[in-house]
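Student: for reference, the sequence and a predicted model appear below.
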Amino acid sequence: MTLAAAAGFDPGPNARLVGQPSSRNELDTPALLIDLDAMEANIQAMADHCATTGQRLRPHTKTHKSVEIARRQVAAGAVGVCCATLGEAEVMGRAGIPGVHITSPVVRPHRIERLIALNADAESLSVVADHPDNLTALAEAAAAAGQTLNIMVDIDVGSRRTGVPSAQQATALAEQVQKASHLTLAGIQGYAGGLQHIYDWDERVRRGQEVADFLKEVRRQLGEAGIEPPVFSGGGTGTHAIDHSQGVLNELQAGSYVFLDVDYQRVAHAGEAAKRFREALFVQASVVSAAQEDCVTTDAGLKAFATDCGVPELRRGAPEGAFYGFAGDEHGRITFAGSERLPLGAVVECLSPHCDPTVNLYSVYHVVRGDTLVDIWPVDTRGLR
């Protein structure tokens, strides 16, 4: 039985191919693929990196949305996982993943009820807050349930998305947490999402130092108030090789390293970091029309890829120089650079422009090792808010 079927997910028409030699080339498409060798290498590489730097690793599950992958990350040494939404956290926490941290505020009354219910079930749950009214509501709900809730104060380090924009506000929130009998200050979150996709290494280092200097000022003012948070959490795949050297983040929230995508391949790294991770996630498509002279049409269009970061890149099965484009909701187009062509029914594999939202378009992963489909895994938290 596939892991998807065991979890109550429909594994789809490709379940019959699990374990058959060369089954990677026989899939019904479009199909979302994980190259298991590459993904396992990525998980170990980031674990090794954090062991070397002395940072805790709490990878973001918004990338993969998979309990199985989260389990593998924790088994490799991660202290827990980050979840962007309460819905993701509910799945991860109730599946037994420890150390679930919710990286966005939980505000409305019914959602706070769900949070408190999850806190009773999940091991070492934490959540961010960036407003005193939210802290008051969380403290009252935790007290009413006879629970203690772990809080990370969220700092805006430039994204203008969530988080307080000043060290003074951060200190005031931390003091409020410490005064609340049913809240515990678990740390400070300073996630610099805007830095992760700066392509130039030197510019990323410079901008990263600005973020680190701000967080150091937060830490200084907290210290003056007698507050020493155990964790400063943030960073990501794009800055993973920078964050540890800037002296403030002791927990890394990287997520996309597990797969990579077209956009992350444009993000330059220096030294060992330049070759640390491998491409592990692909969308497989088939040629459904070869009627044109200079191009063919595939069955993977706008509905098969996230489109916010451009177009997919061909990685397997296409002639040298060919490139992929969109030809509608259901169709893609491969345009040829030379004389070589693809026949009807030919299979190609593409690197997605942006892995996180591409994964959210699929219900299952087709897990391959070499040319063999070895399992089908569910995308457990797809679409969950």
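Tutor: All right, it came through fine.
Student: rest of the way, CA atoms for contacts and neighbours
Tutor: Noted.
Student: isn't V157 right next to A192, touching?
Tutor: Yes: judged on C-alpha atoms under 8 Å, V157 makes contact with A192 at a distance of 5.9 Å.
Student: of these two, which one has the most company?
Tutor: Neighbour comparison, V157 and A192: the larger count goes to V157, with 25 against 21 (by other C-alpha atoms under 10 Å).
Student: how much space between the more buried one and S352?
Tutor: According to C-alpha to C-alpha, to the nearest Å, V157 stands 28 Å off from S352.
Student: do Q209 as well
Tutor: Using C-alpha to C-alpha, Q209 is found at 30 Å from S352.
Student: the two: which is more packed in?
Tutor: S352 (29 against 17).
Student: with adjacent residues omitted, what lies nearest to that one?
Tutor: P312 (4.9 Å; C-alpha to C-alpha, 6 or more residues apart in numbering).
Student: which residues sit in contact with the one you found?
Tutor: Counting by C-alpha atoms under 8 Å, 6 or more residues apart in numbering, P312 makes contact with V262, F305, Y324, G325, C350, L351, S352, P353.
Student: the fourth one and H331 touch, don't they?
Tutor: Translated: G325. No: counting by C-alpha under 8 Å, G325 stays clear of H331, with 9.1 Å between them.
Student: determine the three-state secondary structure at the residue nearest in space to the middle of the chain.
Tutor: Closest residue to the average C-alpha location of the chain: T63 at 2.5 Å, with C-alpha atoms, centre = their mean. State at T63, reduced to three classes by DSSP: H, G, I helix; E, B strand; the rest coil: coil.
Student: for it, which non-adjacent residue is spatially closest?
Tutor: Residue nearest to T63 in three dimensions, not counting chain neighbours: D356, with 4.3 Å by C-alpha to C-alpha, 6+ apart.
Student: where along this protein do the helices fall?
Tutor: Taking DSSP state H as the criterion, the chain carries its helices at 3-6, 36-53, 67-75, 86-94, 109-121, 132-145, 167-179, 201-224, 240-243, 262-265, 355-359.
Student: turn the ones you listed into TSV, including distance to A280 and mean pLDDT.
Tutor: Shown next, in TSV, are these (distance: least, C-alpha to C-alpha, whole Å; pLDDT from 0 to 100):
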stretch	distance to A280	mean pLDDT
helix 3-6	19	96
helix 36-53	5	98
helix 67-75	13	98
helix 86-94	22	98
helix 109-121	32	98
helix 132-145	39	98
helix 167-179	38	98
helix 201-224	23	97
helix 240-243	18	96
helix 262-265	12	97
helix 355-359	10	98
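Student: Y362 contacts V379, doesn't it?
Tutor: Yes: applying C-alpha under 8 Å as the test, Y362 and V379 come out as touching, 7.1 Å apart.
Student: who's more crowded, these two?
Tutor: Using other C-alpha under 10 Å as the criterion, Y362 and V379 rank with V379 on top: 22 against 18.
Student: look up how far D28 lies from the more buried one.
Tutor: V379 is 18 Å from D28, where distance means C-alpha to C-alpha.
Student: residue at max distance from the center of the chain?
Tutor: Relative to the centre of the chain, and counting by C-alpha atoms, centre = their mean, the farthest-placed residue is E293 at 40.1 Å.
Student: confidence score at that residue?
Tutor: If you check E293, the pLDDT there is 93.
Student: from E90, how far out is it?
Tutor: As judged by C-alpha to C-alpha, E293 and E90 stand 51 Å apart.
Student: now do the buried residues in stretch 214-231.
Tutor: Buried positions in stretch 214-231, judged by neighbour count with 16 or more other C-alpha atoms under 10 Å: F214, L215, K216, V218, R219, R220, Q221, L222, I227, E228, P229, V231.
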